[in-house]
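Engineer: The sequence and its predicted three-dimensional model are supplied below.
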Amino acid sequence: MKLVALKERDANENRVAITPETIVDYLKLGISIEVESNAGVASGISDEDYKNAGAKIISSTDKPLAAADIVLKVQPPAAAAVSKMKKGALIAGMLAASESTLIKKYADAKVSTFALEFLPRITRAQNMDILSSQSNLAGYKAVIDAVSEFSRVVPMMMTAAGTIRPAKVLVLGAGVAGLQAIATAKRLGAIVSAFDVRSVAKEQVESLGASFVEVPSEDGDGETKAGYAKEMSESYKKKQSDLIGKTIKENDIIISTALIPGRPAPLLITEKMVKDMRPGSIIVDLAVATGGNCAISELDKIVVKHDVKIIGYSNMAARVPADASRLYSRNLYNFIMPMVNSKLDKIKIDFEDEIIQACLLTHDGKTVHPSLQKGKK
């Protein structure tokens, strides 16, 4: 059985889908490994590191892809690469954002494609959860980037020349990224508060030493059965906007992480709110790739508007690629391992498994994921 790991082509993508540590584990399963040359350079992994772990380095991918049983990527592969894959091959990665034309390519090539962003939030899938592992790092890096752009120190300092007050940090959205942002800001000595529509988040926020900003609600818990934030009523949104507007004025750094699966990011920070912030304040909009939580953030840019610096990096985890790649590679291995039957030298997909059903996009020439059926995208 053969596995090929491809180099990422996206300019903002520094991660790689396989690391030397997981190569060793794949080899134990009886899988031979081929890695495209320079695939790991941006993550601090040389071709020599891969060779020493037991992988073969390839400069041309045409023949390897034609023979590969498993193809690993971070971002969706190029259409040209898909067309070279053999029928029945398995592709795993962050494929949910694939364009409809690429989805058709997957189906036409009769390859089985798995988008791990769709993993269900169940105990058995935790060690495969790429969203959690990457969001955790994104929350950390968001705070680090904000602090590096901030013109003041974060912790309180008492000196002979006077006392420096601690910075105040507000985190919008207390999911995985938000909770890590809270923990990181607290470790740096900031006074931290956080907002989330899910009332269950209050205990988690307070356990990290932050205060919870809560909107009185008649909408229920604000959480879906899958554990994500849900769309709230217009009445709630009005109360939410008023409270966030008042709270933002009192803070120096805003880390915004709010997302609704399958929907544009909720608009939480209006331009008027930005105008009301203190000069020199910082906003990090982690939701910028899906429309943004801030009305005036710009994709993959740092901009200054109304004397406030707004950071809009769309791929924050890729800004710490060494650790992001290590965790991502482990997630992929944990997903693929149960499907490997080394005795039969083939992949065995259990189509009754809820994890498989949640992630499978295409199989045997058909588009099978419900979100990709005609009329849904």
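Structural biologist: Yes, it's here.
Engineer: residue ranges for the strands of the stretch 251-377 of the chain, please.
Structural biologist: Per DSSP state E, counting those that start in this stretch, the stretch 251-377 of the chain carries strands over the ranges 253-256, 282-285, 302-305, 308-311, 340-341, 346-347, 360-363, 366-367.
Engineer: The stretch 101-250 of the chain now?
Structural biologist: Using DSSP E, counting those that start in this stretch, strands in the stretch 101-250 of the chain cover 112-115, 157-159, 162-164, 168-172, 191-195, 211-213.
Engineer: Of those, which is nearest residue 81?
Structural biologist: strand 112-115 (12.3 Å; Cβ to Cβ). C-beta coordinates here come from the backbone N, C-alpha and C atoms, glycine included.
Engineer: quick one: contacts of that closest one?
Structural biologist: Residues outside strand 112-115 that contact it (Cβ atoms under 8 Å, 6 or more residues apart in numbering) are 88-96, 98, 106, 335, 347, 349, 356, 359-364, 369.
Engineer: so of these, which ones are in helices?
Structural biologist: Among the contacts of strand 112-115, DSSP state H puts 106, 335, 356, 359 in helices.
Engineer: The second one and residue 105: what is the separation?
Structural biologist: Relative to residue 105, residue 335 is positioned 22 Å away (criterion: Cβ to Cβ, to the nearest Å).
Engineer: so residue 58 bridges to which residues?
Structural biologist: Taking DSSP bridges as the rule, residue 58 bridges to residue 36.
Engineer: hmm, I was thinking of residue 4
Structural biologist: On the basis of DSSP bridges, residue 4 is bridged to residue 34, residue 71.
Engineer: pLDDT score for it?
Structural biologist: If you check residue 4, the pLDDT there is 98.
Engineer: Adding distance to residue 207, write the strands of the stretch 251-377 of the chain out as TSV.
Structural biologist: Below are those laid out as TSV (distance: least, Cβ to Cβ, whole Å):
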stretch	distance to residue 207
strand 253-256	18
strand 282-285	23
strand 302-305	32
strand 308-311	27
strand 340-341	39
strand 346-347	41
strand 360-363	36
strand 366-367	42
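Engineer: Tell me the span between the first and last residue of stretch 93-103.
Structural biologist: 13 Å (Cα to Cα, to the nearest Å).
Engineer: Which positions within that stretch qualify as buried?
Structural biologist: Using 16 or more other Cβ atoms under 10 Å as the test for burial, stretch 93-103 gives 93-96, 98, 102-103.
Engineer: Show me what the biggest helix by length in the chain is packed up against.
Structural biologist: As assigned by DSSP H, the longest helix anywhere in the chain is helix 130-149. Secondary-structure packing of helix 130-149 (3 or more Cβ pairs under 8 Å, 6 or more residues apart in numbering; DSSP states H and E): helix 176-187, strand 253-256, strand 282-285, strand 308-311, helix 321-336.
Engineer: Let me know which of these is the nearest to residue 65.
Structural biologist: helix 321-336 (17.0 Å).
Engineer: Hmm, residue 241 and residue 215 touching each other?
Structural biologist: No. Applying Cβ atoms under 8 Å, one finds residue 215 not in contact with residue 241, separated by 9.4 Å.
Engineer: more neighbours, those two?
Structural biologist: Ranked by neighbour count (other Cβ atoms under 10 Å), residue 215 and residue 241 place residue 215 first, with 20 against 17.
Engineer: for that one, phi and psi?
Structural biologist: The phi/psi pair for residue 215 (degrees, to the nearest 10) reads phi -100, psi 120.
Engineer: Distance check, it against residue 239.
Structural biologist: 5 Å.
Engineer: that older thread, ok, of the buried residues of stretch 93-103, which one's closest to residue 49?
Structural biologist: Residue 49 lies nearest to residue 93 out of the buried residues of stretch 93-103, by Cβ to Cβ, at 21.2 Å.
Engineer: circling back: so which of the buried residues of stretch 93-103 is the closest to residue 283?
Structural biologist: Distance to residue 283 across those (Cβ to Cβ) is lowest for residue 94, with 25.4 Å.
Engineer: ok, back up a step: same list (the helices and strands packed on helix 130-149) but as CSV, adding mean pLDDT, distance to residue 62 and mean neighbour count.
Structural biologist: As requested, the helices and strands packed on helix 130-149 are exported to CSV (pLDDT from 0 to 100; distance: least, Cβ to Cβ, whole Å; neighbours: other Cβ atoms under 10 Å):
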stretch, mean pLDDT, distance to residue 62, mean neighbour count
helix 176-187, 98, 38, 24
strand 253-256, 98, 43, 29
strand 282-285, 98, 40, 28
strand 308-311, 98, 40, 23
helix 321-336, 98, 23, 22
